[in-house]
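[1] Just the structure for this:
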Amino acid sequence: MARTARARTAGTSGPATWRNWAGNVSATPTRVVAPRTVGELQEVVRRAASDGLRVKAVGTGHSFTAAAATDGVLVRPQALAGILSLDRAAGTVTVAAGTVLKDLNQALAREGLSLANMGDIMEQTVSGATSTGTHGTGRDSASISAQLRALELVTADGTLTACSEKEDPELFAAARLGIGALGIVTSLTFAVEPLFFLTAREEPMGFDRVLDEFDAHVVENEHFEFYWFPHTGNCNTKRNNRSQGPAAPTGPVSGWIEDELLSNGLFQVVNSVGRAVPATIPSIARVASRALSARTYTDIPYKVFTSPRRVRFVEMEYALPRERVVEALRELKAMVDRSSLRISFPVEVRTAPADDITLSTASGRETAYIAVHMYKGTPYQSYFTAAERIFTALGGRPHWGKVHTRDAEYLAEVYPRFGEFTALRDRLDPDRVFGNDYLRRVLGS
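    Below is the predicted model of the structure:
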């Protein structure tokens, strides 16, 4: 199968405020451009450089940092979308950068194919998800970026450059997770495999038991994650493993109750109440966490990995050496218990194997992730600051697309290949056509 990426009407507009999904980042670019072709995008970059403007591409805005913010030219790549080619023999699919993960997953399923792993939402563009290091959880299968086999990007002089493990491997190692610093990605080639089934087992479990058995759960399951409810000793665990099938999805009624009513509708109400009356949060958390029940279901991968996330929040996530995560979680719980903080969102814990991507949060080491969240509009700085202090003391690496306060000096210490990336950036974009304040902070001048 091969088809041309769908084209939409190109457009250029003047100053207008852009905001991310969470509403914690905004920017007012000089102009917004929606190129219909790669050639138009190349011209956009050349013109921006000529005009002395910085240029950034923005997907669906699901990052919590200002990685895509610009006061120059904001590129919307959504017109560059769709599957460009499918190679069943090689086990790869090439897609245009503006393709939304949901559309890709559904298209692959129709062809009897699947990605090996996913994050927990699929609303992002493929380029946005890979550029910031979106990941799920997995014993053996890593982030979405780690599933890339090749990509193309427009560099600062307007050149379209291709890279893979064989063609410019240095660029490929960095550009798979480039934070928008090396160029604007135009297409990505993913590894795919025949569609398979996953059986998910969701089960409430006590905090101490989960931590005591954490290593065993990770080793025994292909995909293990859990959520801890602050102000309680309660968790909800999820284990996903490959299955022969057949499909046995959640029933329409029970699925709606769990995924829409409880996880979105009622959760929205609970967080709104908690924001208005913070003193109610611990009691609500205890009741809500005890209301969880075990369930098992089987379905194709993206329907198991992902779920709707309609309640808006702000998030910070750190990647820790896997052997330090239990220690970090015990410290986090102790900090919350002795503080006056009131936290209505659960803490999420996932894992990833080591990979070879230059600035991947799992680069060179077995990794566990701890993500902390606060409801949109709720002050989060005190909680995040206290959590970040714990994570950084244990050598944590912040997720590139989520709130953090680290700078280039710190990041150079926790990423052994940090200098490789910055040297490559100096060569490809010496004038910082793709720069912004966030990149200046995390990568240096």
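[2] how is this protein carved up into domains?
    12-75, 81-194, 197-404 (automatic domain parsing).
[3] what sits against the nearest residue to Thr189 once chain neighbours are set aside?
    For Thr189, ignoring the flanking residues on the chain, the nearest one in space by C-beta to C-beta, 6 or more residues apart in numbering is Ala150 at 4.0 Å. (C-beta placed from N, C-alpha, C; glycine too.) Residues near Ala150 by C-beta atoms under 8 Å, 6 or more residues apart in numbering: 92, 94, 162-164, 167, 172, 188-189.
[4] how about 7 Å then?
    162-164, 189 (C-beta atoms under 7 Å, 6 or more residues apart in numbering).
[5] same thing with Ser187?
    By C-beta under 7 Å, 6+ apart, Ser187 lies in contact with 84, 94-97, 151-152.
[6] try 10 Å this time
    In this structure, Ser187 makes contact with 5, 38, 80, 84-85, 94-99, 126-127, 150-153, 160, 162, judged by C-beta atoms under 10 Å, 6 or more residues apart in numbering.
[7] Need the contacts of Ala150 in JSON lines (columns: pLDDT, distance to Leu341 and neighbour count).
    JSON lines is the format used below for the contacts of Ala150 (pLDDT from 0 to 100; distance: C-beta to C-beta, whole Å; neighbours: other C-beta atoms under 10 Å):
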{"residue": "Ala162", "pLDDT": "98", "distance to Leu341": "49", "neighbour count": "15"}
{"residue": "Cys163", "pLDDT": "98", "distance to Leu341": "45", "neighbour count": "21"}
{"residue": "Ser164", "pLDDT": "98", "distance to Leu341": "46", "neighbour count": "15"}
{"residue": "Thr189", "pLDDT": "98", "distance to Leu341": "44", "neighbour count": "21"}
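[8] now these as TSV including distance to Arg275?
    Formatted as TSV, the contacts of Ala150 follow (distance: C-beta to C-beta, whole Å):
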residue	distance to Arg275
Ala162	48
Cys163	46
Ser164	47
Thr189	44
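[9] Now do the SS call for Glu388.
    helix (DSSP: H, G, I helix; E, B strand; the rest coil).
[10] any weak-confidence spans in the protein?
    1-11, 13-15, 252-266 (pLDDT under 70).
[11] Just give the nearest non-adjacent residue to the spatially most central residue of the chain, would you?
    The centroid of the chain falls nearest to Thr134 when counting by C-alpha atoms, centre = their mean (2.6 Å). Nearest residue to Thr134, sequence neighbours excluded (C-beta to C-beta, 6+ apart): Gly119, at 4.7 Å.
[12] Quick one: residues contacting the closest residue to Asp299 other than its chain neighbours.
    Nearest non-adjacent residue to Asp299, counting by C-beta to C-beta, 6+ apart: Pro249, 4.7 Å away. Applying C-beta under 10 Å, 6+ apart, we find Pro249 in contact with 200, 255, 297-300, 303-304.
[13] Which positions within stretch 411-425 qualify as buried?
    With burial defined by 16 or more other C-beta atoms under 10 Å, the residues of stretch 411-425 counted as buried are 411, 414-415, 417-418, 421-422, 424-425.
[14] between the residues you listed, which is closest to Val33?
    Among these, Arg425 lies closest to Val33 (C-beta to C-beta), at 22.9 Å.
[15] buried set for the strand or helix carrying Thr385?
    Thr385 belongs to helix 381-393 when assigned by DSSP states H and E. Neighbour counts over helix 381-393 (16+ other C-beta under 10 Å) mark 383-384, 386-388, 390-392 as buried.
[16] Let me know the distance separating the closest residue to Val95 other than its chain neighbours from Val93.
    Nearest residue to Val95, sequence neighbours excluded (C-beta to C-beta, 6+ apart): Ile83, at 5.3 Å. In this view, Ile83 and Val93 are 6 Å apart by C-beta to C-beta, to the nearest Å.
[17] again with Asn236
    33 Å.
[18] Please identify the helix or strand for the residue nearest to the centre of the chain.
    Under the assignment here (DSSP H and E), Thr134 is part of no helix and no strand.
[19] Run the chain-centre distance for the host helix or strand of Ile284.
    Using DSSP H and E, Ile284 sits in helix 281-290. Taking C-alpha atoms, centre = their mean, to the nearest Å, one finds helix 281-290 lying 28 Å from the centre of the chain it belongs to.
[20] what's it in contact with?
    Residues outside helix 281-290 that contact it (C-beta under 10 Å, 6+ apart): 204, 207, 227-236, 262, 266-267, 270-271, 273-275, 277, 336, 341-346, 375, 378.
[21] Could you pick out which of those are located in strands?
    Within the contacts of helix 281-290, residues falling in strands by DSSP state E are 204, 227-228, 234-236, 375.
[22] Out of those, give me the two with the largest separation.
    Across the ones in strands among the contacts of helix 281-290 (C-beta to C-beta), the longest gap, 22.4 Å, separates Pro204 and Tyr375.
[23] now the helices: where do they sit in the stretch 1-150 of the chain?
    Here the stretch 1-150 of the chain has its helices, by DSSP state H, counting those that start in this stretch, at 38-50, 101-110, 126-132.
[24] Most tightly packed of those helices?
    Comparing those by mean neighbour count (mean count of other C-beta atoms under 10 Å), helix 126-132 ranks first with a mean of 28.
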